[in-house]
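Chemist: Pasting a predicted model and its sequence here:
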Amino acid sequence: MTTHRRKKVRKYRGSKTHGCGSMKKRRGAGHRGGRGNAGSGKRADTNKPTTLKDPLYFGKHGFTPKNTTPVFAVDLRYFQQTIGKLVSRQLVSEKSGLYTVDLAKLGYQKLLGGTVGKFAQKVHFITEYASAGAIEKVQQAGGKVEVTHPVDDTPDDAEKAEKPGNKEPG
């Protein structure tokens, strides 16, 4: 059972300043030099070291675009290290030496191949997006990457040439 704690009001009865030092210090924000970012104007110079070192101290910077959906990515190294655990948890299925991984079930949308030197397992990945390096490494190991949302890799110059308004005068 916990012990009964005295309330602060009862605790500080008889104490003139209730544990806050001088009476002057407890009045408003004058003792602190103002509230928040106060005191950093032309005359004050109080926050000068802070404002000189940080160029982003004043103003608004950049913007966050609204309708953007985050793409959660996972590296091949993760599967190289934890494929056994994922099979035991039944998040990955295995048939005759071929692992089948659906990245959507694991909460990922993109497969990356950046930090793995050589991928060893024979795995069939089903994913929305995949980097070219990841696809190459999985195929070298005898696996397969099934991309459900393929990215269109047409060059920008070809698109400009096809548009009717971009014909050269001649």
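Modeler: Nice, thanks for sending it over.
Chemist: Which pLDDT value goes with residue 153?
Modeler: Reading off the per-residue confidence, residue 153 sits at a pLDDT of 60.
Chemist: Also the one 10 residues further on?
Modeler: Residue-level confidence at residue 163 comes out at 60, pLDDT.
Chemist: just residue 94 next, same as before
Modeler: Per-residue confidence for residue 94 comes out at a pLDDT of 90.
Chemist: That one should be in a strand, yeah?
Modeler: Yes: inclusion of residue 94 in a strand is indicated when DSSP: H, G, I helix; E, B strand; the rest coil is applied.
Chemist: That one: what's it in contact with?
Modeler: Applying CB atoms under 8 Å, 6 or more residues apart in numbering, we find residue 94 in contact with 87, 100. Just so you know, the C-beta spots here come from the backbone N, C-alpha and C atoms, and that holds for glycine as well.
Chemist: So what pairs up with it in the strands?
Modeler: Using DSSP bridges, the bridge partners assigned to residue 94 are residue 99.
Chemist: Quick check: residue 117 is in a strand.
Modeler: No: assessed with three-state DSSP, residue 117 is coil; it does not lie in a strand.
Chemist: From residue 37, how far out is it?
Modeler: The span separating residue 117 from residue 37 equals 50 Å under the rule CB to CB, to the nearest Å.
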